[in-house]
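Novice: can't give you the sequence, but here's the structure:
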């Protein structure tokens, strides 16, 4: 099974916003990345618009109408402003993330057990107008069981713990780090495969990079990964064309 590689554009928008101009132009890089073979884009607008602006979402959505095979994924906290945007844009996928308004970056998943009714209702509404609804969740087997019992059909596994354990194992070769990574890997294995066995689509994202992605994809069926922070840094180090080729090879 191949995995869709979705480029998160937030960091490019952050660089643009730092100078108050339209440089770098996001649509220029969307076109460049499509030409390089990228088939998906992710944005995560936040209320302060510190990186992706709400107007960017409309502009990218309009631009991608000429590319029917490219997926557009919009992430965010399902407040009224965000849901208004989703209802108007109707992207291919909407990923619900429990961010607070002043949160620097996503650092936890939704508690499906607590918010099952709300998330099931939103999933039903979004699926009704053709938008796949994904829910950002922690790698916790009880959360997976709660998702299976809900109307949610797609999840995105929060992979920060995977990335941290992988880095610790690589940088500090000790039995403790090996044991910790083995435990983390087993938890992801249990969660991903239980979800897949029950017909769920599993996506993944957060702190994934060229080093740690391949081993994650070997665990089970992961339909999509979204990568932005590492992708931007790796592109500065190695060149964007080269980095895209590597990600597509890993995901293919």
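Specialist: Yep, that arrived. The structure presented is a predicted model; accordingly, all values stated were derived computationally and were not measured.
Novice: how about the helices in the stretch 51-200 of the chain?
Specialist: With DSSP state H, counting those that start in this stretch as the criterion, the stretch 51-200 of the chain has helices at 54-63, 80-89, 112-128, 141-148, 160-171, 175-197.
Novice: Give me the number of neighbouring residues for residue 237.
Specialist: Residue 237 has 10 neighbouring residues, counting by other CB atoms under 10 Å. Bear in mind the C-beta positions are built from the backbone N, C-alpha and C, glycine included.
Novice: just how off-centre is the helix or strand where it lies within its chain?
Specialist: Take DSSP states H and E as the rule and residue 237 turns out to sit in helix 229-238. How far helix 229-238 lies from its chain's middle: 17 Å, per CA atoms, centre = their mean, to the nearest Å.
Novice: Show me where the stretch 1-150 of the chain dips below the pLDDT cut-off.
Specialist: 100-107 (pLDDT under 70).
Novice: which stretches of it form strands?
Specialist: Ranges of strands within the stretch 1-150 of the chain are 4-8, 40-43, 71-76, 93-96, 132-137, based on DSSP state E, counting those that start in this stretch.
Novice: Save those strands as a markdown table, and put in distance to residue 122 and mean neighbour count too.
Specialist: Formatted as a markdown table, the strands of the stretch 1-150 of the chain follow (distance: least, CB to CB, whole Å; neighbours: other CB atoms under 10 Å):
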| stretch | distance to residue 122 | mean neighbour count |
| --- | --- | --- |
| strand 4-8 | 21 | 24 |
| strand 40-43 | 18 | 26 |
| strand 71-76 | 12 | 23 |
| strand 93-96 | 7 | 26 |
| strand 132-137 | 6 | 24 |
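Novice: okay, the ones you listed in JSON lines with distance to residue 26 next?
Specialist: Shown next, in JSON lines, are the strands of the stretch 1-150 of the chain (distance: least, CB to CB, whole Å):
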{"stretch": "strand 4-8", "distance to residue 26": "11"}
{"stretch": "strand 40-43", "distance to residue 26": "9"}
{"stretch": "strand 71-76", "distance to residue 26": "13"}
{"stretch": "strand 93-96", "distance to residue 26": "19"}
{"stretch": "strand 132-137", "distance to residue 26": "22"}
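Novice: Looking at those, spot the one closest to residue 146.
Specialist: Closest to residue 146 of the strands of the stretch 1-150 of the chain, according to CB to CB: strand 132-137, at 8.9 Å.
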